[in-house]
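K.L.:
Provided below for reference: sequence and predicted model.
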Amino acid sequence: MDAFTAGILQRIRTTESDLIRARESGDDFLVDVEQAELEDLRRLAAEYGVEVGAPTGV
């Protein structure tokens, strides 16, 4: 696995965790921010052919 793939996958996992925490805290603005970030990361991964798999609880 190259550095780009490892990095994008790590950022996706981190953002998924951040999104879960935002939902649990009831911070609607932060939920929107994290959701947008996750969508951007998944789009970027798809553009470069990085297999992401199913979301983890988000």
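P.N.:
Received it, and whenever you're ready, just let me know what you need.

K.L.:
my read: residue 9 touches residue 51, true?
P.N.:
No: at 9.0 Å, residue 9 and residue 51 do not qualify as touching, with contact defined as C-beta atoms under 8 Å. Glycine gets a C-beta too; all of them are placed from N, C-alpha and C.

K.L.:
buried stuff in stretch 22-31?
P.N.:
22-23, 31 (16 or more other C-beta atoms under 10 Å).

K.L.:
so of those residues, which ones are in strands?
P.N.:
Nothing among the buried residues of stretch 22-31 maps onto strands, per DSSP state E.

K.L.:
which of those residues lies closest to residue 43?
P.N.:
residue 31 (18.5 Å; C-beta to C-beta).

K.L.:
distance to residue 1 and pLDDT added to the buried residues of stretch 22-31, as a markdown table?
P.N.:
What follows is these, written out as a markdown table (distance: C-beta to C-beta, whole Å; pLDDT from 0 to 100):
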| residue | distance to residue 1 | pLDDT |
| --- | --- | --- |
| 22 | 28 | 98 |
| 23 | 29 | 97 |
| 31 | 30 | 98 |
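
K.L.:
have a look at residue 9 and residue 51 and say which one is more surrounded.
P.N.:
Between residue 9 and residue 51, counting by other C-beta atoms under 10 Å, residue 9 is the more crowded of the two (17 against 8).

K.L.:
quickly find the element holding the more buried one.
P.N.:
Under the criterion of DSSP states H and E, residue 9 resides in helix 3-25.
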